[in-house]
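J.: Quick one, fold the following:
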Amino acid sequence: MTKLSILDRSLVRQGHDAASALRDTVRFARQAEALGYHRFWVSEHHSVPGVAGSAPTVLAAAVAAATARIRVGTGGVMLPNHRPLVVAEQFGVLESLYPGRVDMGLGRSVGFTGGIRRALGHGKDDADDFGDRLDELLGFFTGDQPAYPGVHALPAEGLRPQVFVLAMGAGADIAAAHGLPMVIGMGSRAHEAISRYRAGFRASSWAAEPYVMVAVNVAAGGTGAEAGLLQLPEAWATAHARTRGVFPPLLPPQEVLALEMTERERALFEEARKGQIHGTGPEVAVALGSLVESTGADEVLVTMNTYDLDQRLDSYRRLAAAL
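T.: Prediction:
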C-alpha cells in the first residue's frame, strides 16, 4: 500500500491569529498520527501575512514532542536562506531528541520580494548554488567537510535524518545527482521531472534507489460537491496572494463563492484549483491510485487546508479510511 503523509503550512483562518494556527498544527499532527498517516511536515514562509509557518525546525520540534510515532519533518527548509552548519545543528538536535523520526526536507526557494531577501541576507542568485550548499550540509552529517577542517556540526555528525529534496526547478536533477529521495508537486512537467530523476539517479549512502513522493491537494467528503467546497478557501487565498502580495486568512467556502473577483483573480483562482483531487472517499482512492500508477510514486504527500477544522479532519479521516 502506498504511504500517505501530510504537509501543513499553518494557515491562519478568518477571526483567528497566527498563534492559533500554530497550535492547530500541533493538534492536527496528533490527529494525523491517530489516523495512521506516515509523516507530518511543516513549511517555511517568510513575511507572508496569513501564513504562520515561518520557522519549520522549531515547529517540527513542537510537533515531535506532541506525538510518539509519526515521522516529523520539513517541507521544507529553504537552504538558500540558511548556513548549512546551522541547519545541520538544528536537525542534529531534532534527530538526537527524536531518533528515527526526523525528515530533513530541503528546498531551494528564496524570499519572493527584494525586501524579504535583503532581510534574510540573501539574493535571488543564492538558489543557484543549492547543490554546493547541499554537499556542505550532508558533509556535516558524514564528517566529510574539507572546506572547514576542524569544524564539526554537533550533535549532527554521525546521525542520519532522512533527507528529501523538493524538486522545484532543477531540484529533480540535484536530487538524482546526490542520490536523495525527492518530493514533487503535480504540475504540468512533473512526469517529465520524475522520469529525468529516475534516469539520472546515482545511488548514495543516503538512498540506494530512487524514491518519489508526489504532493497533491486532496479533499474527501460525503459527496464530491462537499469535498470541492473544502478546497475553495485556500484556492482563493492563493489567487489573492498572487495579485496583492498578501495571503489572507482563510474564509468559509460560502463567503468565497460570494466574492466578486476581477477577471485576473478569477483566472488565478481557477488555476489554483487545477490538479486538485476531490470526491467521496472511494472516488479519491481511485484518483490517487491512478496518480500513483502514472508516476510510480512511492508515497503521496497530501496538503489541504480549509476554514472549518472539523471538516478538514473529516476529510483526512475519510481519505485514510479509503486507502
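J.: which parts of the helix or strand harbouring Arg266 are buried?
T.: Secondary structure from DSSP states H and E places Arg266 in helix 263-273. The neighbour-count check on helix 263-273 (16 or more other C-beta atoms under 10 Å) flags Glu265, Leu268, Phe269, Ala272, Arg273 as buried. Quick note: C-beta positions are derived from backbone N, CA and C, even for glycine.
J.: Report the contact partners of the fourth one.
T.: By C-beta atoms under 8 Å, 6 or more residues apart in numbering, Ala272 lies in contact with Glu234, Ala235, Trp236, Thr238, Ala239.
J.: average pLDDT across the helix or strand where the fourth one lies?
T.: So that's Thr238. Per DSSP H and E: Thr238 is located in helix 232-244. Across helix 232-244, pLDDT averages out at 94.
J.: coming back round to it: next, the angle from the helix holding Arg266 to helix 232-244.
T.: 130 degrees (axes from the mean of the first three to the mean of the last three C-alpha atoms, to 10 degrees).
J.: Which neighbouring elements make contact with whichever helix or strand comes after helix 263-273?
T.: Following helix 263-273 in sequence order, the next helix or strand is strand 277-279 (DSSP H and E). Under the contact criterion of 3 or more C-beta pairs under 8 Å, 6 or more residues apart in numbering; DSSP states H and E, strand 277-279 touches strand 218-220, helix 224-230, helix 281-295.
J.: Need the contact partners of strand 277-279.
T.: 216-221, 224, 227-228, 230-231, 284, 287-288, 291.
J.: Mind picking the one among the residues you listed that's closest to Phe91?
T.: Nearest to Phe91 among the contacts of strand 277-279: Val216, at 26.0 Å, using C-beta to C-beta.
J.: Count the neighbours of that closest one for me.
T.: 20 (other C-beta atoms under 10 Å).
J.: And Leu257, by the same measure?
T.: Neighbourhood size, Leu257 [other C-beta under 10 Å]: 11.
J.: give the contact list for it.
T.: So Leu257 contacts Leu232 (C-beta under 8 Å, 6+ apart).
J.: Make sure I have this right: Leu301 is in a strand.
T.: Yes. Membership of Leu301 in a strand is supported by DSSP: H, G, I helix; E, B strand; the rest coil.
J.: Look up how far Leu268 lies from it.
T.: Distance of Leu301 to Leu268, computed by C-beta to C-beta, to the nearest Å: 23 Å.
J.: One more: Phe140?
T.: For Phe140, the distance to Leu268 - C-beta to C-beta - is 40 Å.
J.: just the buried residues of helix 263-273 now: which is nearest Ala66?
T.: Nearest to Ala66 among the buried residues of helix 263-273, with distances taken as C-beta to C-beta, is Ala272, at 30.6 Å.
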